[in-house]
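[1] no sequence for this one, just the structure:
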């Protein structure tokens, strides 16, 4: 039962657990943290551009993981790689010389998307390498932002003898929703007191309470029959592809009788070999999305029944494998209020005329609504009893949210109205727009870390909200079992094929001041000098 469904929102707003927190770190410390971020603005831009150039999809973020974890290691963090059995996952921990104190986790996603290669700074759609992955969600920017925030906060903590620990971690394969439930299962957040996550956006905000998307389970169904000559003796075969098609048809009929909030979609991941062989093995990969733990499980079980029925109808055998899971989201109110005060203090980046011109050119070129880059921060989102939640996308940060008090900070590094999971959302992600948004976000996160480290009461209140409100009537209940394993095989073959050509486009900051300069891309009003081979 969610907060919105239970009708408890009005009553909870009056409780002390939900009372706004006013305590904060001294202004001098926050000023120092802001200065520390500004001093690393060039470092932030370099990391953003470098990760953009790697463009690695889920589970194959090899160069990205090595690069970012190496920077943390060079700055005094103890790095554990391959956590939860995932080669590109890591956690990097630094503890203050003053002592342990609270541990604050700072995380963001690092994976790209298949087929979304794009020349940054080009208003028109133009792949760097045809068919290659790209950062069409902007995940190249979040962990660089968190690293800069962590280093700025770390400096202030050392100078002021503040106790505490920082844990920086990457969201691996978020686009597959395939790892954070495994991180939780393996105890990655057991010692964490509070968690701040970051996601790229067009605005600058945070929020608390139930999220407006859905939770999800990702599952692949595999059917096994046996082959035969498709023309000479089709009656001797049992088509696994027939089972896949029957399942899909049955599920599409079922949609009419499912709640409106659900989302379900599929791809045929193995359709057989060639037409004149009855397919002996075939697979279909489904995402089942719903609003809470109970309905996610019910939708998943309906899918399982449909798969079993398709196997019975075709005399084939069916097996299934969970490839990923995402819990519904629920942000912590106390943490959100603290972070939002810092977002207000930082404000939006100062966009240049070139930034606004580029955003407009991108919108006009791609025939989307023309809207300037925002100059005011967004509102803090909160539960609204009058709004009907119709569901939508998913983010596996929800699994962390049901494990430790957590919020997501949305920082302004992309262009309004760009389509998500699309090359449009890659166009700005290695430009001054992305760089400025990352710097703004890092300032707010660093300031929030200092608030939490210097005011233990805030963490106590955040934990009280977590236990007395969020998890009072609803508990973390994933469909993931101890036998399910991370799907680290995904995207392996395509990267083995694409990586040698993609390496030719890796950013070289020793030669070029920006990735745009290396590619020979002219940003509005910015002359190009010393450009490399260009965006071939």
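    It's in. Quick caveat, the model's predicted, so the values are computed rather than measured.
[2] most centrally placed residue in the protein?
    Nearest residue to the geometric centre of the chain (C-alpha atoms, centre = their mean): residue 109, 4.3 Å.
[3] Quick check: it vs residue 335, distance?
    In this view, residue 109 and residue 335 are 19 Å apart by C-beta to C-beta, to the nearest Å. For glycine as for every other residue, the C-beta is placed from the backbone atoms N, C-alpha and C.
[4] how about residue 368, what does it touch?
    Residues in contact with residue 368 (C-beta atoms under 8 Å, 6 or more residues apart in numbering) are 417, 418, 419, 424.
[5] now do 6 Å
    Residue 368 is in contact with residue 417, counting by C-beta atoms under 6 Å, 6 or more residues apart in numbering.
[6] Check residue 99 too.
    residue 163.
[7] where's it relative to residue 255, distance?
    56 Å.
[8] Report back the residue of this protein that's furthest from centre.
    Computed with C-alpha atoms, centre = their mean, the residue of the chain farthest from its C-alpha average is residue 232, at 50.2 Å.
[9] helix/strand/coil for that residue?
    coil (DSSP: H, G, I helix; E, B strand; the rest coil).
[10] Need the pLDDT of it.
    Looking at residue 232, its pLDDT is 97.
[11] and the gap between it and residue 242?
    18 Å.
[12] swap in residue 379?
    From residue 379 to residue 242 the distance is 51 Å (C-beta to C-beta).
[13] swap in residue 126?
    Distance from residue 126 to residue 242, by C-beta to C-beta: 42 Å.
[14] swap in residue 436?
    Taking C-beta to C-beta, one finds residue 436 at 54 Å from residue 242.
[15] from what I can see the residue nearest to the centre of the chain touches residue 171, true?
    Yes: if you go by C-beta atoms under 6 Å, residue 109 and residue 171 touch, sitting 3.5 Å apart.
[16] where does this protein have low pLDDT?
    Regions of the chain meeting the criterion pLDDT under 70 cover residues 1-23, 525-536.
[17] Specify the local secondary structure of residue 304.
    Three-state call for residue 304 (three-state DSSP): helix.
[18] Can you give me the distance of it to residue 177?
    Residue 304 is 18 Å from residue 177, by C-beta to C-beta.
[19] which one of the two has more residues nearby?
    Taking neighbours as other C-beta atoms under 10 Å, residue 304 and residue 177 compare with residue 177 leading, 27 against 15.
[20] where does that one fall, phi/psi-wise?
    Dihedral pair for residue 177: phi 50, psi 50, per degrees, to the nearest 10.
[21] can you start the count at 8 instead of 1 from here on
    Noted, 8 is the first residue going forward, which turns the last one into residue 184.
[22] Tell me if I'm right that it and residue 333 touch.
    Yes: using C-beta under 6 Å, residue 184 is in contact with residue 333, at 4.3 Å.
[23] which neighbours do those two share?
    Common neighbours of residue 184 and residue 333 (C-beta under 6 Å, 6+ apart) are 223, 401, 403.
[24] what sits against the second one?
    Read that as residue 401. 184, 220, 221, 223, 296, 333.
[25] what's the answer for residue 520, then?
    Neighbours of residue 520 in contact, by C-beta under 6 Å, 6+ apart: none.
[26] before we move on, what SS does it have?
    coil.
[27] Likewise for residue 253?
    Reduced to three states by three-state DSSP, residue 253 is helix.
[28] In three-state terms, label the closest residue to it other than its chain neighbours for me.
    Leaving aside its sequence neighbours, residue 253 sits nearest to residue 317 (C-beta to C-beta, 6 or more residues apart in numbering; 4.3 Å). Assigned with three-state DSSP, residue 317 falls in the helix class.
[29] can you pull the contacts of residue 317?
    Residue 317 makes contacts with 250, 253, 254, as judged by C-beta under 6 Å, 6+ apart.
[30] likewise residue 181?
    116, 118.
[31] Distance check, it against residue 490.
    On the measure of C-beta to C-beta, residue 181 and residue 490 end up 23 Å apart.
[32] And for residue 69?
    Residue 69 is 27 Å from residue 490, by C-beta to C-beta.
[33] Then residue 59?
    Counting by C-beta to C-beta, the gap from residue 59 to residue 490 is 37 Å.
[34] who's more crowded, these two?
    residue 59 (28 against 6).
[35] Count the neighbours of residue 195 for me.
    23.
[36] Torsion angles phi and psi at it?
    Residue torsions, per degrees, to the nearest 10, at residue 195 are phi -60, psi -30.
[37] OK, contacts around it?
    Applying C-beta under 6 Å, 6+ apart to residue 195 gives the contacts residue 90.
[38] follow-up on the earlier one: the more surrounded of residue 133 and residue 249?
    Comparing residue 133 with residue 249 by other C-beta under 10 Å, the one with more neighbours is residue 249, at 20 against 15.
[39] is residue 141 in a bridge, and if so with what?
    In this structure, residue 141 bridges to residue 120 when assessed by DSSP bridges.
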